[in-house]
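# pasting the sequence and the predicted coordinates here, then a few questions.
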Amino acid sequence: MTALGNIAPAAPEVFMAIAGMALLMIGVFQKGDATKLVGWLAVGVLVVAGFLVLMAAPETVTAFNGQFISDRFAIFAKVLVLGASALSLVLAMVWLAQEDMKRYEFSVLVVFATLGMMMMVSANNLMALYLGLELQSLALYVMAAFKRDSVRSTEAGLKYFVLGSVASGLLLYGASLIYGFSGSTSFPVLAEVLSHGTPTGVIVGLVFVMAGLAFKVSAVPFHMWTPDVYEGAPTPVTAFFAVAPKIAALALFVRVMMGPFADLVDQWQQVIVLIAILSMLVGAFGAILQSNIKRLMAYSSIGHMGFALMGLAAASPNGVRGLLIYLAIYIFMNIGTFAIILSMRQKGRAVEGVADLAGLSRTMPGMATALTIFMFSMAGIPPLAGFFAKFYVFMAAIEAGFFTMAVIGVLSSAVGAYYYLRIVKVMWFDEPVDTFDRPAMTNQVVLWGSAAMMFVLFIWAAPLIAGAQMAALSLFPG
Amino acid sequence: MAGEQIAETGAVKAVRWAAVAVPATLAVWFLSMIPAVESAPIRVAWDWVPTMGVDLAFRVDGLGLLFALLITVIGTFIFLFSASYMKGYPASGRFTFILLAFMLSMLGVVTADNLILIFIFWELTSITSFLLIGTDFKNPEGRRAATQALVVTGGGGLALMAGMILLGEAAGTYSLTAILEAGSIAGHELYGGILVLVLIGAFTKSAQFPFHFWLPQAMAAPTPVSAYLHSATMVKAGVFLLARLHPVLSGTPEWEVTLTLFGGVTAVMASVVALRQTDLKKMLAYTTVMGLGTITLFLAGSGEAAVMAAVTFILVHALYKSALFMVAGTVDHEAYARDINRLGGLARAMPFTAAAAALAALSMGGLPPFIGFIGKELIYEGALEATFAAPFVIIMALAANAMMLGVGLILALDPFWLNRDRRPHLGHHGTVHEAPPSMWAGPVLLSLVGLGLGLFPGAASKWLIGPVTAAVYGEPVPVSLSLWHGINAPLMLSLLTFALGAVVFWMRNPIRRGVAGVLWAMPGSADDVYDAFLRGIHAMGRGFMRAFQNGSLVGYMWTLLAFTAAVLWATLIGTGALANVPMPSQLPDLFLYEWAVVGLIGAGSIVAVLAASRLLAIIALSGVGSGIALLYVFFGAPDVATTQLMVETLLVVLLALILLRLPGFRVTEKGWRRSGLLDGTLSVALGVAITVILMGVTAGTLDMVIPDFYAQRSVIDAHGRNIVNVILVDFRALDTMGEVTVIALAGLAAYALIKLRSDGDHDKIASAPVTAPEKNRETV
């Protein structure tokens, strides 16, 4: 054990790695169809990992010779990631059954992708960062192309893979430049070295690293894969893409910027402000014309990432807190919406047009009400949780003096509200065309649970905010 | 209402009637607060989000109480009215609940004691208003109006949120009580931003020019909604906010000029357009806009008279306008028409409604002894004391009041007393009945309240206007309203108003034609601007799509790299690193064969870019690699060179093996218009940036710790003199094994895939049924 040091802080990750491989074995050797069994086991693995994360001591501890760090920030982000993964996996299993897709690999890939995300969140070293990022990405590439007899799905997978590889390459190049100019890949050592002065090579390296990370959070102008992949990938994969990897990548982004490069804030802040603004604008304007709801959600997620990045741009504890609150609320809004998108089936066939929602308020008033709640929440209209999400990042941006960014944020929320409301209008005011099949029980549970969270997180916001506050403060020593 | 009648259950009916109890109870409750509030505001608070200073705090002071009373008292009559009016409407139960939700949100706006809380309730009123306007979802006009109202007021609400956050920042607290106690923040550096954002919020909500267009469109809503939201309460939220924040924001030239201009323009524009309308509801809608403009105009001032005029007019306007709206709804409901050109002679059939209309219209026209008269006198008093552009304010007020009297006369006389010949064409087969008492009770009582307050101005000033003026002005103000102030300037202006108003009524038909002509000649209305704005947003969206989201991988890659290059260059220039890069002052002194190798590398790169086949590109790239290996040889590193050559060779062989089996190399990208110039610029930008960085790297001193370590240890530990080899196979043997395994596996996988394909099995894979797990496992 001495060679590895104390690996206890990484217990959830170790457990997941072993469990993931075990699941693969079960799938391979199980006689007959193992999809359901492996699927539920995978959900169990994610839940157990969640408990392990929560049971860990909240103090800041490292493992693997300082490559891995566990602190309140990591715990907060991991709980979000695991929750998002588990919820989307549950939805995906319904879909696999509906599409009669008997492939247990899906669940295994989710477990490994999630493991990669947890490594990202806990990365305390450029190498650990890359390891987690690639573990996640490789699993995601395969998932995007999971429906491999569909041209759109394979195209999505290939596009994601090619662009993702370029982004990874940029990141790696940047990481090696940083190492070359500072002599270390460890975050604490980098922070120490950079507090004494900044070699230009490190700044250049940071530019590349930021490009790679911005790609992973699909911030503009590294977002172009998002609409194509969201539309092409199987819907449950899109649902998964929209939540878990986003959280992990943003958390990693925050950790990298606020940790080793905290002293370079003047160098990177402008870039983050720029990509946040661009993301909000493209998210808002891009979504208006979309007739495919998955594509619309892609733009919506780009916009949301822009809002969350406002929190990072503020580079303050309040900014990070706003970002974490944003992410927590974002999960429920998205999972709930995707539970509805996954329930959009007519006579056993999935549909994904915005127009297919016409008159939903009359054919399925419950579902229409729930989707209305999510749309209003995404638009940031009280009394729904989405309001607090936006409120805290706006506030952090204003406190940090970024008035232009805040104003552009307000404008893009207004445009965003317009297209979210278009969906509401279609559901409530348009003539029904065709009814949907009765949604699966699981979808309904997820959907109403998420809808309830929109109110719970609004009315009873204090615990979430307190948790996010402590998580954010753990990144700011002293 | 000429809509389809649908059978309704007793439960829905019961809901409609029972709902009346809610505002009635609340009204009694708020009435009971009057004595307490006269001395000091009532305040209650619970913690909500303490970390942010957002509390669930409520405060009832004079201003809040006036609005709360308007909301609940008028609300009682509205619910009573709608219980009969909404009979037969689809989903009237849902309607009733949303209307209740609206009422509670509106009460929240006027009683909240926290900026964020105000905003939350504010948005809730926008949403409920959206749902209420769209009640009749079969009507496309109503759907458009609902969306438009929400886009305008919701968008304004977001501006308000930003304004509230800024105000909270500036004041250091979100508590309204604390902010009001601290007084004006006019000197703060954020004042300008706060003012603009708060005004956008207030102007959109209160339909001030140029955001006024949504309100007349919103008349597509059922009449109770128009009467309640769009005249008496919700649209007043904007002016409420202006009044609420008056002690904090007013008193500066910015405040005074902006409010005077926007309020004045709104008032006059709306009263002119009102004269052009023939639809009763549209006419009332424009006079509402006019009233809101007048209130804004007087909130601009910071003198006692102006403030008193504004708050009195809020009360006056709410009383007569809701009554008139209900009258319009009753007429529509019974006579099946609400166009002034079709209505006439209804007074005999509908005596109570006609009486209510007359009373309310007289108050609206500002005739004594109604409260409207007192309101008008105060307006003139305020106008005469205006510190900014007093003549403008006086003329605005005079014009608006005269036209209001004209419209009031039209509303009171035309449908009821004149044009009796039209009556046989109205109603159900020419018979018109009086509406049930639940519908005329409200208008009658509300207009009688207007009369009563006019007759007993002392009560009004002590219990209502006094506390309100104090709350808006910031400190207690002696208020004594009365009908008769002696012969003074306001009275003269009133007499002038009566004369002008009579002329307007007399000339109503020519004026209507004239205004219609002028409006027709105008280039575009604000509503057109709204449409153009939406079209613009759509066009922008399309532009974005075309420019960036064309589905082309090459295009995506280009954008990605271009942004990276831009940021790189910005960094290089911004940090001043570019200036520090050592530039060779002359060409290096090289041997000819060295130049030849450099030439080989350059040529290889160019060929690789221009190559028309994959194989050629690979070979050209391997030329580059070999050239670099040669450079290693020249500069005394044969071990590195050997490794480089081996890897190069291996890659070429592997890639060639694979590529030979692939179909031909074709440019299939169509979406992205390839431009050699653009691509070239990007390559040069990136290439030069990397070169500059590398030159910077090589210019620095190299840390020799690691090279020295290997130089010392390689013979001792690994018995090898080729350091690179020793590192690869000894010090990092595990790494190397891993790499070799990866390459071998990749080669195998590629081979397997290609073999599958060349076996003529292509179609089978593509269509492999997903339902056959065994088969899938084989092909994976």
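Structure's in. What do you need?

# only C-alpha atoms from now on, for both contacts and neighbour counts.
Noted.

# quick check: which helices or strands does the longest helix that chain A contains pack against?
If you go by DSSP state H, chain A has its longest helix at helix A:151-182. Helix A:151-182 is packed against helix A:126-144, helix A:187-194, helix A:200-216, helix A:225-232, helix B:553-574, with contacts defined by 3 or more CA pairs under 8 Å, 6 or more residues apart in numbering or on different chains; DSSP states H and E.

# quick one: residue B:126 and residue B:150 touch, right?
Yes - using CA atoms under 8 Å, residue B:126 is in contact with residue B:150, at 6.1 Å.

# re earlier: which positions within the longest helix of chain A qualify as buried?
Neighbour-count burial for helix A:151-182 flags A:152-161, A:163-168, A:170-182 (criterion: 16 or more other CA atoms under 10 Å in any protein chain shown).

# next one: it to chain centre, how far?
18 Å (CA atoms, centre = their mean, to the nearest Å).

# within range of chain A, give me the residues from the stretch 551-700 of chain B.
B:551, B:553, B:556-557, B:559-560, B:563-564, B:567-568, B:571-572, B:575, B:577, B:693, B:696-697 (CA under 8 Å from any CA of the partner chain).

# one more time with 6 Å
Residues of the stretch 551-700 of chain B lying close to chain A by CA under 6 Å from any CA of the partner chain are B:556, B:560.

# all helices of the stretch 551-700 of chain B, in order?
Assigned by DSSP state H, counting those that start in this stretch, the stretch 551-700 of chain B shows helices spanning B:553-574, B:577-580, B:592-610, B:614-634, B:638-660, B:676-699.

# show me what contacts residue A:278?
Neighbour list for residue A:278: residue A:220 [criterion: CA atoms under 6 Å, 6 or more residues apart in numbering or on different chains].

# and it, helix, strand or coil?
helix (DSSP: H, G, I helix; E, B strand; the rest coil).

# center of chain B - which residue?
residue B:155 (1.5 Å; CA atoms, centre = their mean).

# what mean pLDDT does the host helix or strand of it have?
Element membership of residue B:155 [criterion: DSSP states H and E] is helix B:140-171. For helix B:140-171, mean pLDDT rounds to 84.

# what of stretch B:226-233?
Mean predicted lDDT for stretch B:226-233 stands at 82.

# strands of chain A, start to end?
Assignment of strands within chain A using DSSP state E yields the ranges A:61-63, A:68-70, A:345-346, A:349-350.

# can you put those strands in a markdown table and add mean neighbour count, mean pLDDT and distance to chain B?
Below are the strands of chain A laid out as a markdown table (neighbours: other CA atoms under 10 Å in any protein chain shown; pLDDT from 0 to 100; distance: least, CA to the nearest CA, whole Å):
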| stretch | mean neighbour count | mean pLDDT | distance to chain B |
| --- | --- | --- | --- |
| strand A:61-63 | 18 | 87 | 22 |
| strand A:68-70 | 22 | 91 | 21 |
| strand A:345-346 | 16 | 88 | 19 |
| strand A:349-350 | 14 | 86 | 16 |
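
# so which of those gets nearest residue B:754?
strand A:349-350 (33.7 Å; CA to CA).

# each with direction, which strands does that closest one pair with?
strand A:345-346 (antiparallel) (DSSP bridges).

# what's next to the partner strand, contact-wise?
Counting by CA under 6 Å, 6+ apart, A:351, A:436-437 sit against strand A:345-346.

# buried among these? Make that a ChimeraX selection.
Entered in ChimeraX, the line below selects the buried ones among the contacts of strand A:345-346, by 16+ other CA under 10 Å:
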select /A:351,436
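
# from the contacts of strand A:345-346, which single one is nearest residue A:341?
residue A:351 (8.3 Å).

# per-residue confidence for the closest one?
88.

# phi, psi for it please.
phi -120, psi 150 (degrees, to the nearest 10).

# OK, contacts around it?
A:344-345.

# do that again at 10 Å, thanks
A:292-293, A:341-345, A:357, A:436 (CA atoms under 10 Å, 6 or more residues apart in numbering or on different chains).

# go on, residue A:461?
Here residue A:461 is in contact with A:325, A:385, A:388, A:455, B:48-50 (CA under 10 Å, 6+ apart).

# repeat that for residue B:208.
Applying CA under 10 Å, 6+ apart, the residues near residue B:208 are B:199-200, B:202, B:215, B:235, B:238-239, B:259, B:262-267, B:270, B:289-290, B:292-293, B:296.

# these in helices, which ones?
B:199-200, B:202, B:215, B:238-239, B:259, B:262-267, B:270, B:289-290, B:292-293, B:296.

# count the residues that sit near residue B:528.
12 (other CA atoms under 10 Å in any protein chain shown).

# tell me if I'm right that it and residue B:214 touch.
No - the criterion here is CA atoms under 10 Å, and residue B:528 misses it with residue B:214 at 11.3 Å.

# near chain B, which residues of the stretch 251-400 of chain A?
A:267-268, A:271, A:281-290, A:376, A:379-384, A:387, A:391-392, A:394-395, A:398-399 (CA under 10 Å from any CA of the partner chain).

# try it again at 8 Å.
A:271, A:282, A:285-289, A:381-383, A:394-395, A:398-399.

# quick one: neighbours of the closest residue to residue A:85 other than its chain neighbours, just the number.
In space, and not counting its chain neighbours, residue A:85 is closest to residue A:244: 5.8 Å by CA to CA, 6 or more residues apart in numbering or on different chains. Using other CA under 10 Å, residue A:244 is surrounded by 27 other residues.

# what's the weakest-modelled helix or strand in chain B?
Every helix and strand of chain B was ranked by mean pLDDT, DSSP states H and E. The lowest is helix B:773-779, at a mean of 34.

# quick one: contacts for residue B:730?
Residues in contact with residue B:730 (CA atoms under 8 Å, 6 or more residues apart in numbering or on different chains) are residue B:718.

# doesn't it belong to a strand?
No - going by three-state DSSP, the assignment for residue B:730 is helix, not a strand.

# helix or strand right after the helix or strand where residue B:411 lies?
Assessed by DSSP H and E, residue B:411 sits inside helix B:390-413. Downstream of helix B:390-413, the next assigned helix or strand under DSSP H and E is helix B:437-455.

# which secondary structure elements does that following helix contact?
Using 3+ CA pairs under 8 Å, 6+ apart, helix B:437-455 sits against helix B:75-85, helix B:304-335, helix B:351-365, helix B:371-385.

# circling back: what subset of the contacts of residue A:461 is buried?
Applying 16+ other CA under 10 Å to the contacts of residue A:461 flags A:325, A:385, A:388, A:455, B:48-49 as buried.

# which two of those have the greatest separation?
A:325 and B:48 (16.2 Å).

# and for residue 460, the neighbour number?
Because you didn't say which chain, this covers chain A. The burial count for residue A:460: 14, using other CA under 10 Å.

# other chain: chain B
By other CA under 10 Å, neighbour count at residue B:460 equals 20.

# now do residue A:448
The local packing of residue A:448 (other CA under 10 Å) involves 17 other residues.

# next, the contact list for it, please.
Contacts of residue A:448 (CA under 8 Å, 6+ apart): A:336, A:370.

# again, 10 Å this time
A:336, A:339, A:366-367, A:370-371, A:454.

# do the same with residue B:597
B:603, B:623-624, B:626-631.

# so residue A:411 touches residue A:281, yeah?
Yes - taking contacts as CA under 10 Å, residue A:411 lies within contact range of residue A:281: 8.6 Å.

# more crowded one of the two?
residue A:281 (26 against 19).

# and the gap between residue A:262 and residue A:249?
18 Å (CA to CA, to the nearest Å).

# go on, residue A:70?
Note on residue A:70: its distance to residue A:249, by CA to CA, is 16 Å.

# next one: residue B:359
Going from residue B:359 to residue A:249 by CA to CA gives 67 Å.

# out of those two, which sits in the busier spot?
More crowded of residue B:359 and residue A:249, by other CA under 10 Å: residue B:359, with 26 against 23.

# tell me the contacts of the more buried one?
Per CA under 10 Å, 6+ apart, neighbours of residue B:359: B:320, B:323-324, B:353, B:365, B:367, B:370, B:408, B:412, B:443-444, B:446-448, B:450-451.
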